[in-house]
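Engineer: Sequence first, then the predicted structure, then my questions.
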Amino acid sequence: MQFKATIISNQEVSPGYFRMRITAHPELTGAQPGQFVMVRVRDAIDPLLRRPFGIFDVGTVPSEYPGCSSATYLEMLYKVVGKGTETLSTYHHGDHVDIIAPLGTGFDLGDPEEEKILVGGGVGIAPLYYLAKTLVGRSRVRFFLGGRTRDDILCVTEFERLGVETYVSTDDGTLGDRGLVTDVMERHVREDGRKKTIYACGPMPMLKAVAGIARQTGTSCQVSLEAYMACGMGACLGCVVKGRDHGDETPDYRCVCKDGPVFAFDQLMWV
């Protein structure tokens, strides 16, 4: 769907990180955790291309608009890294953006009896909150959040309010455990023989480490990739990654936007 959205709020939650809530089409409540949206930041040619953002949350709130008892909202979590996100960070309540959503393939929720391990790095937690919100109540969920410093640790309270066991680590030790989030997560994955599924989103080195742990421990694992995109629909081929088809070492290229952004870890080549 393509629709015009009104910004409800655009809050800086940590230096350089923003959480934006916008009005959304009612059918977006059926979006899968892990899917994403393409946002046209301005009605101008600069910046020309839409920007992709993972769906942080979808829900309904009492409507402030005449004739509507409730309104559907969508939330995005983003970091200011360039012209598009810098422009987005200047928007306020009542401003408008153009949205195409929902796009891509989301997470497979798997067996409710399995423990769910969520691993996020920095703004990579964006699709994991909506996933956690969907999983809680049907499975045990533990969330491992890492960042370089305490400023990169986002929305911990929101996950804890869902009832999710949350573990924090930072590279410099300014918050939580000191060290890599994958090291903390690995200890918990190996702590007992219970069947688990790992869901991860974040920087590629983190995802590569998570995939290695999943392979060594025989744990089911899904990863959500971040990529530069021009269209979000598989037409431009600007977001391809090397895939693996049935164990063949010959690369089988996949579009992150259309074939993903969520992949089983063994569908990708990590070299």
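Structural biologist: Looks like it arrived, so ask away. Residues are numbered from 1 along each chain as shown.
Engineer: only C-alpha atoms for contact and neighbour calcs from this point on.
Structural biologist: OK.
Engineer: Confidence-wise, which helix or strand of the protein is lowest on average?
Structural biologist: Within the chain, confidence by mean pLDDT, DSSP states H and E is lowest for strand 57-62 among all helices and strands, at a mean of 85.
Engineer: in that one, what counts as buried?
Structural biologist: Across strand 57-62, burial judged by 16 or more other C-alpha atoms under 10 Å covers 57, 58, 59.
Engineer: Just the closest of those to residue 169, please.
Structural biologist: residue 57 (23.7 Å; C-alpha to C-alpha).
Engineer: In the protein, which strand is the longest?
Structural biologist: For the chain, the longest strand by residue count, based on DSSP state E, is strand 2-14.
Engineer: For that one, which strands pair with it and how are they oriented?
Structural biologist: strand 17-23 (antiparallel), strand 96-103 (antiparallel) (DSSP bridges).
Engineer: Need the residues that contact that strand.
Structural biologist: 18-25, 89, 91-101, 151-152, 154-155 (C-alpha atoms under 8 Å, 6 or more residues apart in numbering).
Engineer: Now restrict those residues to buried residues only.
Structural biologist: 18-25, 89, 91, 96-101, 151-152, 154-155.
Engineer: Just the helices from the chain, written as ranges.
Structural biologist: Here the chain has its helices, by DSSP state H, at 83-88, 126-135, 156-161, 181-189, 204-217, 256-259.
Engineer: Using a markdown table, lay out those together with distance to residue 32 and mean pLDDT.
Structural biologist: Formatted as a markdown table, the helices of the chain follow (distance: least, C-alpha to C-alpha, whole Å; pLDDT from 0 to 100):
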| stretch | distance to residue 32 | mean pLDDT |
| --- | --- | --- |
| helix 83-88 | 24 | 93 |
| helix 126-135 | 8 | 96 |
| helix 156-161 | 18 | 96 |
| helix 181-189 | 25 | 93 |
| helix 204-217 | 21 | 95 |
| helix 256-259 | 14 | 94 |
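Engineer: quick one, which of those helices is nearest to residue 116?
Structural biologist: Nearest to residue 116, of the helices of the chain and by C-alpha to C-alpha, is helix 126-135 at 8.1 Å.
Engineer: Buried residues of the closest one, list them for me.
Structural biologist: So, applying 16+ other C-alpha under 10 Å, buried residues of helix 126-135: 126, 127, 128, 129, 130, 131, 132, 133, 135.
Engineer: From what I see, the second one and residue 56 are in contact.
Structural biologist: Meaning residue 127. Yes. Counting by C-alpha atoms under 8 Å, residue 127 does reach residue 56; the two are 5.1 Å apart.
Engineer: Would you indicate which residues of stretch 32-49 are buried?
Structural biologist: For stretch 32-49, a neighbour-count test (16+ other C-alpha under 10 Å) marks 32, 33, 34, 35, 36, 37, 38, 39, 40, 41, 42, 49 as buried.
Engineer: Among those residues, name the ones in strands.
Structural biologist: Using DSSP E, the buried residues of stretch 32-49 in strands are 36, 37, 38, 39, 40.
Engineer: closest to residue 159 among these?
Structural biologist: residue 36 (19.7 Å).
Engineer: Beta-bridge partners for that closest one, please?
Structural biologist: residue 54, residue 103.
Engineer: Could you do residue 220 as well?
Structural biologist: Residues in beta-bridge contact with residue 220 (DSSP bridges): residue 197.
Engineer: Do I have it right that it meets residue 197?
Structural biologist: Yes. Applying C-alpha under 8 Å, one finds residue 220 in contact with residue 197, separated by 4.8 Å.
Engineer: List the contacts of the residue nearest the centre of the chain.
Structural biologist: In the chain, the C-alpha closest to the average C-alpha coordinate belongs to residue 127, at a distance of 2.4 Å (C-alpha atoms, centre = their mean). Counting by C-alpha under 8 Å, 6+ apart, residue 127 makes contact with 33, 34, 35, 54, 55, 56, 57, 201.
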